[in-house]
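# Have a look at this prediction, sequence included:
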Amino acid sequence: MRENNVKEATSIRQPEWRAIMTQGLRPCKESCWIKIRTPANPTIRRTADPSSDPALGENTDPGYCGFVAADPSKKNPPAVLAGKLLLADPSLRDSIFDKSVVLIHDHNREQGAMGLILNQPTGHRVGEFLKDPQFKPLAKLSVHKGGPVEPHQMTFSSFWWSKKSGLQWAIRLSAEEAAAHIKRPGRIVRAFIGYSGWSAGQLENELKQAAWITIAPQSALLGQAHDRELWGHLLGSISPLHRLMAMAPDDLMLN
C-alpha cells in the first residue's frame, strides 16, 4: 500500500534540485551534473505474501514467481509485479541490464512499472559528490546505478525485512530521512543514480518474451552482497537448469 504520495522536496533548504559537479561517473562521458532528488514524502511499498499471488500455479514454489501460467502454451506475467525481483535473462547481456537484479517498487497495468537495479555498485560513495554538512551522515553510503532513466539524478532508498510482511522499502527519501533510517537496526540505505522504468504494458511484453525471470525476495537478500555476483546466486538457486544458465560464460563459444 502506498502510504505517502511522492512529492517534491521541501525539507531541504536548498533549491528543489541540487546539482553537484562530478567526474568520471558513467554513463556521462565527461563531467556531468548529478541532481539530488529528495521528495519530502517517500514512496513506501510493502510486498504481499507471494504464496497468495493468484498468478502462481498451485504447485509453484512461492519463492519462484515465474510467468508460466497453468496452461504452458500461454505466458502470462504475474498480475502484480510490485515487490518482485526481476532477474535479467542472459539474452540481455548487451544492455545496461546485463546480469541485473531489479526490485519493482511500483507497478500497475495503466501506468507501467518502476524499479531499481540492486546489484550495480559504481564503486563510489556519497561523500565523493555531496560535500555539504547536511550530507555528512550519508557520506559512506554506496552509490549504485538504479537504471537508465534520469541517470543524472541521485536518490536515497532504505530496505528492511519484516517477518510478517517480507521485504519493505522506502523510496526517494530526503537526506534527513535517509540519515534517520541509517540509525534504525536492520535498515540498509543506499544511494541510486537513475532508476528503471517501463511504460504501460512494456514490462508485461518483455516478460512474455522471456527477457526476465521473476522471483519473490527472500529474507537472505539483505545480507547478501549487492554486486554482480548476486544475479548468479539468485538465478542458480531456482533450479538445476537455472544454475546452468548462471554458470554459462558470456560467450557461449568459449564453453
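Sure, I can see it.
# and the residue lying closest to Val80 once chain neighbours are set aside, what does it touch?
In this structure, Val80 finds its nearest non-sequential neighbour in His107, 6.5 Å apart by CB to CB, 6 or more residues apart in numbering. For glycine as for every other residue, the C-beta is placed from the backbone atoms N, C-alpha and C. Residues near His107 by CB atoms under 8 Å, 6 or more residues apart in numbering: Val80, Leu81, Ala82, Ala113, Met114, Leu203.
# could these be laid out in a markdown table, adding pLDDT, distance to Met245 and neighbour count?
Formatted as a markdown table, the contacts of His107 follow (pLDDT from 0 to 100; distance: CB to CB, whole Å; neighbours: other CB atoms under 10 Å):
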| residue | pLDDT | distance to Met245 | neighbour count |
| --- | --- | --- | --- |
| Val80 | 79 | 26 | 17 |
| Leu81 | 92 | 21 | 26 |
| Ala82 | 93 | 25 | 19 |
| Ala113 | 96 | 24 | 25 |
| Met114 | 96 | 27 | 22 |
| Leu203 | 95 | 21 | 26 |
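# Check whether Ser196 really touches Met114, as I assumed.
Yes: Ser196 is within contact range of Met114, at 6.9 Å (criterion: CB atoms under 8 Å).
# So Ser165 versus Asn205, what's the distance?
Look at Ser165 and Asn205: by CB to CB, to the nearest Å, they are 30 Å apart.
# actually Thr122, sorry about that
Distance, Thr122 to Asn205, using CB to CB: 30 Å.
# Neighbour count: those two, which is higher?
Thr122 (16 against 12; other CB atoms under 10 Å).
# SS state for that one?
strand (DSSP: H, G, I helix; E, B strand; the rest coil).
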